[in-house]
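*Asks:* quick one, structure for this:
(chains A and B)
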Amino acid sequence: MSKTAIQATGLVKWFGEGEAKTMALREVSIEAQFGEIVYVVGPSGSGKTTLLSVLTGILRPNAGKVLLEGVDIWEMNPDQLADFRLAKIGFVFQDYHLFPRLTTAENVAIPLVLRNKDWDESIHEAEKYLDVVGLKNRADLYPVKLSGGEQQRVAIARAMVDQPDILIMDEPTASLDGDTGVAILSFVHKNVLHQDRCILVVTHDDRIYQFATRILQMQDGKLKGSEKSGP
Amino acid sequence: MKGINKLAYKLLVNDTAKFTALLLGITFAVYLMMFVTSMFSGVMKRATSTVINVGAPLWVMDPAVETVSNSIGMPAYVLDAVRSMRGVKYAVPLYVGGALVKLTDGNYQSVTVLGLDDTSLYGRPDLIEGKIEDIYAENGFVVVHDAEFSKLENPRIGSQFELNDNRGVIVGIAKVITSGLYGIPTLYTTYERAIQYIPNPRFTISYVLVEPKSPSDIPRIKQQVEALGYRARTKEEFMKNTQDFFIYKTGGGINIMIMTAISFLVGLSISGQTFYTFILENLERFGALKAIGAKSRDLVRMILFEATLTAFTGYGMGVGGCVLLIWVAKLRLPSYAAMVTFGNLMVSLAMVVVIAAVSSYAAIRRVLRIDPFEIFRG
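*Replies:* Below is the predicted model of the structure:
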């Protein structure tokens, strides 16, 4: 029986005040189970990124509640929230945000280093995850020497290295060509997703919809119920 | 090195161009600050050379005296009065004056003449050639072997010169702790010979050198000298008075402060700007770190570590460069006055700490303001 990884109810978020007030989330509720790969799709400006930020404790909602693994994250203070994100959530950013002056292995080791693990131990652990994403032989290269797909896999390795329960992928194929994007999500589906992990993907790339367990449609700050069975 | 410090170190050092620019900025600033203040320290030490070399613990002088080289003659009774004061173990006269000596080649050379108490020769220098008692011989003078020695044609024992139509004979060659400021040779002789050979005003005692019975007697002696209408200064006070004169009444101090401030501003602008640019270039990644779970204090710690590392490396290189230059200069120019003191090192260190603090303050403000939401928004 699956457990609930993400449970958010009645999320409301707006930006600006008065005439400039823009509603980004309108009473959004979402639930995702461990073992699921859930896509949030929709056009630009529909509120996908805002939802992602609210769900991960980065942007405080004006109303609503977010429970991650049953914990109300918006009850935490900023330090507790940072610790929670570090321990429980892995992020794959749209533009990867790899440090250009750090080697591939050093980039992957960052979450471990932030948890005050020893440097050498962190690098050793990072190399194991680079092996998982097929880039062990690229461990000493700098990101600029890698292709877009390889950089994305480095970003995935960085997100996985601390074995998070929840993996957040923001537009993971936006900077990749079609074949590479499909290959990356195929890899994630096969190697990263498991029964104790929930993956939330924000995208508007329909070429990768095939890997979703469920697809949630977002429009004008509201989640539509459009869902689909996984592959 | 702890993981997060190593991460900060790698981010900084691997950006070779920026790290080099940062180091050069701070090194250059420290080098300039050290060099300027070292020059000044050297000059200040030279300015007080007579006080240092004679070494008396207490100096009695006319109240109007501002530097050791500008003495004002005191009447002979002052010496007797000081000798009779309570707490005085002994007191001796010292003559300090300038003169022109005529060398064997017919040229004239300015010299400083110190006339030591005939009985005790108190304040005499250490001799490296000759015997001190020969100073009592007819026309006997001891010459100091310092950077100005060659201006007297590298005299040897027995060398002769003329001083105000009097014959002078070198009977000893001495070494002293520090050379004088004005670039002229120094001769020692007895007090009586000095005032006999050199044309003088009515009063001839430049200073009365006092040895107190104990250091605790100094305040009492100073009071008694004050009551006599004169002033007694300890060795340290006299050195400070002399230095204060050069700092505050000659413009030298202001110039040094201006130069130091310019060096500081150069270092601050180069380092501050480069460090800030370095942070700006990595701002999105710092935002990503925040999103991943880095706390603000982690990022502050990283920035402070980077600023501290750069500051202290630049400080070491700047100090090293300055010391090297002074060492090389002294090999070529023995009279080169610059000297590195603990005070110079501390002033430069304080300036570097300020540069690092200001640079990192701007960077920290920027990093703390970044919202990880912006990272998602792209």
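*Asks:* list the beta-bridge partners for the closest residue to B:Val144 other than its chain neighbours.
*Replies:* Spatial nearest neighbour of B:Val144, excluding adjacent residues (C-beta to C-beta, 6 or more residues apart in numbering or on different chains): B:Thr186 at 4.2 Å. No exception for glycine: its C-beta is placed from N, CA and C like everyone else's. Beta-bridge pairing of B:Thr186 under DSSP bridges involves B:Thr112.
*Asks:* quick one: B:Thr186 from B:Asn154, how far?
*Replies:* Distance, B:Thr186 to B:Asn154, by C-beta to C-beta, to the nearest Å: 15 Å.
*Asks:* and the contacts of the worst-scoring helix or strand of chain A on mean pLDDT?
*Replies:* For chain A, the helix or strand with the lowest mean confidence is helix A:178-187, at a mean of 82 (criterion: mean pLDDT, DSSP states H and E). Contact partners of helix A:178-187, identified using C-beta atoms under 8 Å, 6 or more residues apart in numbering or on different chains, comprise A:133, A:147-149, A:152-153, A:156, A:172-173, A:176, A:201, A:205, A:207-208, A:211.
*Asks:* circling back: which of B:Thr186 and B:Asn154 has more residues huddled nearby?
*Replies:* B:Thr186 (26 against 11; other C-beta atoms under 10 Å in any protein chain shown).
*Asks:* the more buried one reaches B:Ala147, doesn't it?
*Replies:* No. In this structure, B:Thr186 is not within contact of B:Ala147 by C-beta atoms under 8 Å, at 10.8 Å.
*Asks:* just the C-alphas of stretch A:136-151, formatted as PDB.
*Replies:* What follows is stretch A:136-151, C-alpha atoms only, in PDB (Å, rounded to 0.1, in the frame of the first residue of the first chain):
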ATOM      1  CA  LYS A 136      32.000   8.000 -13.600                       C
ATOM      2  CA  ASN A 137      34.600   8.600 -16.200                       C
ATOM      3  CA  ARG A 138      33.500  12.300 -16.300                       C
ATOM      4  CA  ALA A 139      34.100  12.800 -12.500                       C
ATOM      5  CA  ASP A 140      37.100  15.100 -12.900                       C
ATOM      6  CA  LEU A 141      35.700  17.200 -15.800                       C
ATOM      7  CA  TYR A 142      34.200  20.600 -15.400                       C
ATOM      8  CA  PRO A 143      30.600  21.100 -16.500                       C
ATOM      9  CA  VAL A 144      31.600  23.100 -19.500                       C
ATOM     10  CA  LYS A 145      33.200  20.000 -20.900                       C
ATOM     11  CA  LEU A 146      29.900  18.100 -20.700                       C
ATOM     12  CA  SER A 147      27.000  17.900 -23.100                       C
ATOM     13  CA  GLY A 148      23.600  19.200 -22.100                       C
ATOM     14  CA  GLY A 149      22.400  15.700 -21.400                       C
ATOM     15  CA  GLU A 150      25.400  14.900 -19.400                       C
ATOM     16  CA  GLN A 151      25.000  18.100 -17.400                       C
END
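*Asks:* what mean pLDDT would you report for that stretch?
*Replies:* The average pLDDT for stretch A:136-151 rounds to 91.
*Asks:* which residues of chain A lie near chain B?
*Replies:* A:49, A:52-53, A:56, A:58-59, A:78-79, A:82-87, A:89, A:91, A:93-95, A:97-99, A:101-102, A:106, A:110-114, A:116-119, A:122, A:170 (C-beta under 8 Å from any C-beta of the partner chain).
*Asks:* just the ones of the residues you listed in strands?
*Replies:* Counted as lying in strands by DSSP state E, out of the residues of chain A next to chain B, are A:89, A:91, A:170.
*Asks:* quick one on the thing from earlier: who touches the residue nearest to B:Val144 in this structure?
*Replies:* By C-beta under 8 Å, 6+ apart, the contact list for B:Thr186 reads B:111-114, B:143-144, B:146, B:148, B:176, B:180.
*Asks:* let's go with 7 Å and repeat that
*Replies:* Shown in contact with B:Thr186 (C-beta atoms under 7 Å, 6 or more residues apart in numbering or on different chains): B:111-112, B:114, B:144, B:180.
*Asks:* what about the residue most central in space within chain A, which SS state?
*Replies:* Most central in chain A under C-alpha atoms, centre = their mean is A:Ile168, positioned 1.1 Å from the mean C-alpha point. Three-state call for A:Ile168 (DSSP: H, G, I helix; E, B strand; the rest coil): strand.
*Asks:* wait, doesn't it sit right on A:Leu200?
*Replies:* Yes. With contact defined as C-beta atoms under 7 Å, A:Ile168 reaches A:Leu200; the gap is 5.4 Å.
*Asks:* pull up the overlap in contacts between the two.
*Replies:* Counting by C-beta under 7 Å, 6+ apart, nothing touches both A:Ile168 and A:Leu200.
*Asks:* shaky segments in the stretch 1-150 of chain B?
*Replies:* Counting by pLDDT under 70, the ranges of the stretch 1-150 of chain B that qualify are B:1.
*Asks:* how about the residues of it near chain A?
*Replies:* Residues of the stretch 1-150 of chain B lying close to chain A (C-beta under 7 Å from any C-beta of the partner chain) are B:1, B:3-4, B:6-7, B:10-11, B:14-15.
*Asks:* same thing but at 8 Å, please
*Replies:* Counting by C-beta under 8 Å from any C-beta, the residues of the stretch 1-150 of chain B close to chain A are B:1-4, B:6-7, B:10-11, B:14-15.
*Asks:* thinking again about what came up before, list the contacts of the residue nearest to the centre of chain A.
*Replies:* A:52, A:55-56, A:89-92, A:159, A:199-200, A:202.
*Asks:* and the next element down the chain from the least confident helix or strand of chain A?
*Replies:* strand A:198-203 (DSSP states H and E).
*Asks:* what packs against that next one?
*Replies:* Here strand A:198-203 touches strand A:4-15, strand A:22-33, strand A:37-41, helix A:48-55, strand A:166-170, going by 3 or more C-beta pairs under 8 Å, 6 or more residues apart in numbering or on different chains; DSSP states H and E.
*Asks:* listing partners with orientation, what would you give for that strand?
*Replies:* So strand A:198-203, judged by DSSP bridges, has these partners: strand A:37-41 (parallel), strand A:166-170 (parallel).
*Asks:* ok, and the closest non-adjacent residue to the residue in the stretch 101-250 of chain B that chain A sits nearest to?
*Replies:* Chain A sits closest to B:Ile247 of the stretch 101-250 of chain B, with a gap of 46.7 Å, by C-beta to the nearest C-beta. Nearest residue to B:Ile247 in three dimensions, chain neighbours excluded: B:Gly253, at 3.1 Å (C-beta to C-beta, 6+ apart).
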